[in-house]
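Novice: Please find the sequence and the predicted model below.
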Number of protein chains: 2
Amino acid sequence: MTTEAHRDDAAARLRAAGLKVTAPRIAVLDAVSGHGHLDADAVLSRVAGTLPGTSLQSVYNVLGALTDAGLLRRIEPAESPALYESRTGDNHHHVVCTRCRAVADVDCVVGEPPCLAPSDAAGFAIHTAEVTFWGLCADCQREVAG
Amino acid sequence: MTTEAHRDDAAARLRAAGLKVTAPRIAVLDAVSGHGHLDADAVLSRVAGTLPGTSLQSVYNVLGALTDAGLLRRIEPAESPALYESRTGDNHHHVVCTRCRAVADVDCVVGEPPCLAPSDAAGFAIHTAEVTFWGLCADCQREVAG
DNA sequence: CAGTTGTTTTGAGTGACTCAAAACAACTGG
DNA sequence: CCAGTTGTTTTGAGTCACTCAAAACAACTG
């Protein structure tokens, strides 16, 4: 079954990351995997479907642990709560809609990470370049025009 | 006198932006101008020197008004409160120290704004590209090495 | 210089978390 | 496979960085 396959996969990934396998962790990992960019509340809503009674605090704990373990990635666009996504390890970027806050992935702009080099780094030893594009999503373009 | 010259300049810039000229606005504009990247508390500290008794709420009001008017720019790096800077209108970028949160300006990476074009914009109409570099500032490199 | 309009202050309220202690569940080794 | 240890989850309180609202006040206008 799809759901069980997912669960097994989640368990395996947790184990591989050296984390204890618990129901909330599986539920959160499944909730985020393949569902775009979710904030803690949205994760809780999804988790409530498979594991009712889970506390928001646990969601925060789990999201923190999974992010530290590299199983999830956290992004923090201006004016938004933190969002979590399951696509990790490829340093891709994001477009954020200035009207509805929708987020989409954008592949690395040039070559591989860090895909940009500053002209002058002010003495900093840079290890990451994070790019956030701002614009109007397709839906909002339509609504604004319409 | 330098201070008065600054004050006159600030007043002129406020007027030019169509804003009423008030003591807190002048004080905040002066506090931010040429002093890097300050959060609301840091602005209040600086303002307290020239205009004691100013409330934090006023600082928030003023920072908001000046930002809306284009006299200040707000940046919100992950894990930091909002920071304000006086360099506006040139869409430059920033380097943030992952250890001490120091921020420095970085000139536009390539050409002019928006200096990047995503390979695939997922249907978004993009108007801005915001780049944040993460690394270790010179001081922190020294402390980590030493 | 009186009026109007927009600012600043005071004070309360909110969202998005973090911190801590106690109850509990996963893996370990016996 | 069962007790122990260690790490998790829950419960509940607390914090930070703001935002909202009403009343007191100060800038520009005529």
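Specialist: Happy to help now that I have it.

Novice: got the contact list for the residue sitting nearest the centre point of chain A?
Specialist: Computing the C-alpha centroid of chain A and ranking residues by C-alpha atoms, centre = their mean puts A:Glu85 first, at 1.8 Å. The contact partners of A:Glu85, by C-beta atoms under 8 Å, 6 or more residues apart in numbering or on different chains, come to A:32, A:36-38, A:72-73, A:75, A:105. To be clear about C-beta, it is placed using only N, CA and C from the backbone, and glycine gets the same treatment.

Novice: Count the residues that sit near the spatially closest residue to A:Ala31 that is not a sequence neighbour.
Specialist: Here the nearest residue to A:Ala31 in space, its sequence neighbours aside, is A:Arg46; by C-beta to C-beta, 6 or more residues apart in numbering or on different chains that works out to 3.8 Å. The local packing of A:Arg46 (other C-beta atoms under 10 Å in any protein chain shown) involves 18 other residues.

Novice: for A:Ser55, same thing?
Specialist: Other residues lying near A:Ser55 total 11 when counted by other C-beta under 10 Å.

Novice: cool, and the one 3 residues further on?
Specialist: Other residues within reach of A:Ser58 by the criterion other C-beta under 10 Å amount to 19.

Novice: residues of the one helix or strand it maps to that come out buried?
Specialist: Per DSSP states H and E, A:Ser58 falls inside helix A:56-68. Neighbour-count burial for helix A:56-68 flags A:58-59, A:62-63, A:65-66 (criterion: 16 or more other C-beta atoms under 10 Å in any protein chain shown).

Novice: for A:Leu44, what are its contacts?
Specialist: If you count contacts by C-beta under 8 Å, 6+ apart, A:Leu44 has them with A:54, A:56, A:59.

Novice: so does whichever strand or helix holds it get close to DNA strand D?
Specialist: A:Leu44 belongs to helix A:40-50 when elements are defined using DSSP H and E. No. Judged by C-beta under 7 Å from any atom of the strand, helix A:40-50 and DNA strand D are separated, with a smallest distance of 9.0 Å.

Novice: buried set for stretch A:26-46?
Specialist: A:26-33, A:37-40, A:42-44, A:46.

Novice: So which of those residues reach DNA strand C?
Specialist: Near DNA strand C, by the rule C-beta under 7 Å from any atom of the strand, you find A:39-40 out of the buried residues of stretch A:26-46.

Novice: mind listing the strands for chain A?
Specialist: When assigned using DSSP state E, the strands of chain A occupy the ranges A:73-75, A:83-85, A:93-97, A:103-106, A:125-136.

Novice: before we move on, back to that, what bridges to the residue nearest to the centre of chain A?
Specialist: A:Arg73 (DSSP bridges).

Novice: now the closest residue to DNA strand D within chain A, nearest residue through space, not along the chain?
Specialist: In chain A, no residue comes nearer to DNA strand D than A:Ser58, which is 2.7 Å away by C-beta to the nearest atom of the strand. Closest residue in space to A:Ser58, ignoring its immediate chain neighbours: A:Pro24 at 5.1 Å, by C-beta to C-beta, 6+ apart.

Novice: Let me see the contact set for that neighbour.
Specialist: For A:Pro24, the residues meeting the contact criterion (C-beta under 8 Å, 6+ apart) are A:47, A:51, A:54, A:58-59, A:62.
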